[in-house]
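Student: Generate coordinates for the sequence data below:
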Amino acid sequence: MKKCNFLIIVFLTTVFNTSAQIQQHEEDLVKGTINKLFEGMRNTDSAMVSATFANNAIMQTIHKSKDGEFKLSDEKVADFVKFTGTPHKEKYDERIVFTKILIDGNLASVWTDYKFYIDNKFSHCGVNSFQLFKKDKTTWKIIYIVDTRRKENCL
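Tutor: Residues are numbered from 1 along each chain as shown. Alright, predicted model coming up:
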């Protein structure tokens, strides 16, 4: 009986460890896609930025308008890609912290806090919420981004 219990414990430990390793691998792939987006933005590399998005991806931002109301604005991914690839003298640097990653099969939901800098000068902060789709065994593509933008309460 003791040998049977021992084998069950060994089996369950192996299954849980394997599952945890697979989950960590998927999280690393998801992080890689998001990090590639911001690396491309920092390096003015529109091809790198574009490669992170799925066709028909959606971008939105939540911000406070001049009249003090909160608004949800749409942005075209193609315009964002073009903007990131257009030469400019300033360096755009969005520094992110992965706060939460949830994965179910081919869907990932990622929450990142961020601070945005222009030439190492703080501009604004907020949160990004990403939805990603796993296209094949190793390729995660961004299908949706919504972010908040503010200048206060930035930790």
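
Student: can you list contacts of stretch 75-88?
Tutor: Residues from elsewhere that reach stretch 75-88 (C-beta atoms under 8 Å, 6 or more residues apart in numbering): 40-41, 44-47, 49-50, 53, 57-61, 92. Every C-beta, even on glycine, is put in place using the N, C-alpha and C of the backbone.

Student: What distance do you get for the residue nearest to residue 144 when sequence neighbours are not counted to residue 105?
Tutor: Nearest residue to residue 144 in three dimensions, chain neighbours excluded: residue 131, at 4.0 Å (C-beta to C-beta, 6 or more residues apart in numbering). Separation of residue 131 from residue 105 (C-beta to C-beta, to the nearest Å) stands at 13 Å.

Student: Quick one, grab the pLDDT at the residue nearest the centre of the chain.
Tutor: Closest to where the C-alpha atoms of the chain average out (C-alpha atoms, centre = their mean) is residue 34, at 4.1 Å. Residue 34 is assigned 98 on the pLDDT scale.

Student: same question, residue 153
Tutor: We have a pLDDT of 88 for residue 153.

Student: give the contact list for it.
Tutor: Per C-beta under 8 Å, 6+ apart, neighbours of residue 153: residue 125.

Student: and the gap between it and residue 76?
Tutor: Relative to residue 76, residue 153 is positioned 29 Å away (C-beta to C-beta).
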